[in-house]
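Undergrad: Sequence below, structure please.
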Amino acid sequence: MAVLETARLTLRPITPDDAEWWRAIRMHAAVTPFLTPLGDDPVGRARELVGAFARHWSERGYGTYAVIEKASGRPIGHHGLRFLPEFGETEALWTLDPAVHGRGYATEAGHAVVAHAFGAARLARLIAITTEANRASRRVMEKLGFRYEKDAVYKGVAVLYHALAATGAR
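TA: Predicted coordinates:
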């Protein structure tokens, strides 16, 4: 499992021990409108989802990273790769703490993740999905080179489906 480094961030494979801070970010009022709800048991659901992220590494050889801000040493969110059986493709996904929004961290981490996907992970294509309302995520997708392909539905939510082929990686 690869650890990725950027100028300001360390990306390390997420582990089940990350569930508590991950849940706090995931439940932030500025984040929840853009993601599927954690339901009636957010603590249990967070443990389940972070556990699935961690297992993905052994199942696929790539996965989701905890994003650590080097200056503070604290986890500020996740970024990485996840195979979505619903679409039969691998998604680049990210969620960062709203306290660090606007600093370019999602794009910085994204460049490292895309390079890893098309390099060591040997993927030929990635997708990224988000709601139309999530303009910040759509902007990150554009900066990483993803291009809109179609409208889709994911877990009952209307999303915009973007894709990036290995030959288009920057």
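Undergrad: correct me, but residue 141 touches residue 162?
TA: Yes - between residue 141 and residue 162 there is a contact under Cβ atoms under 8 Å: 4.9 Å. (C-beta placed from N, C-alpha, C; glycine too.)
Undergrad: okay, and the common contacts of those two?
TA: Applying Cβ atoms under 8 Å, 6 or more residues apart in numbering, one finds that residue 141 and residue 162 are jointly contacted by 128, 130.
Undergrad: Neighbour count for the two, which is higher?
TA: For the pair residue 141 and residue 162, the greater number of neighbours falls to residue 141 (26 against 23), based on other Cβ atoms under 10 Å.
Undergrad: how close does the more buried one get to residue 114?
TA: According to Cβ to Cβ, to the nearest Å, residue 141 stands 11 Å off from residue 114.
Undergrad: what's the answer for residue 103, then?
TA: Distance, residue 103 to residue 114, using Cβ to Cβ: 19 Å.
Undergrad: who has more neighbours, these two?
TA: Comparing residue 103 with residue 114 by other Cβ under 10 Å, the one with more neighbours is residue 114, at 23 against 13.
Undergrad: Show me the contact partners of the strand or helix carrying that one.
TA: Secondary structure assigned from DSSP states H and E places residue 114 in helix 105-118. Taking contacts as Cβ under 8 Å, 6+ apart, the residues outside helix 105-118 that touch it are 2, 4-9, 11, 62, 65, 67, 69, 76-77, 79-81, 90, 92, 94, 96, 123-124, 126, 136-137, 140, 143-145, 164, 166, 169-170.
Undergrad: can you check stretch 151-162 too?
TA: Outside stretch 151-162, the residues that reach it (Cβ under 8 Å, 6+ apart) are 36, 84, 86-87, 127-132, 138, 141, 146-150.
Undergrad: Could you turn the buried ones of these into a ChimeraX selection?
TA: Buried subset of the contacts of stretch 151-162, written as a ChimeraX selection, criterion 16 or more other Cβ atoms under 10 Å:
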select :127,128,129,130,131,138,141,146
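Undergrad: any idea of the mean pLDDT for stretch 67-86?
TA: Stretch 67-86 comes out with an average pLDDT of 96.
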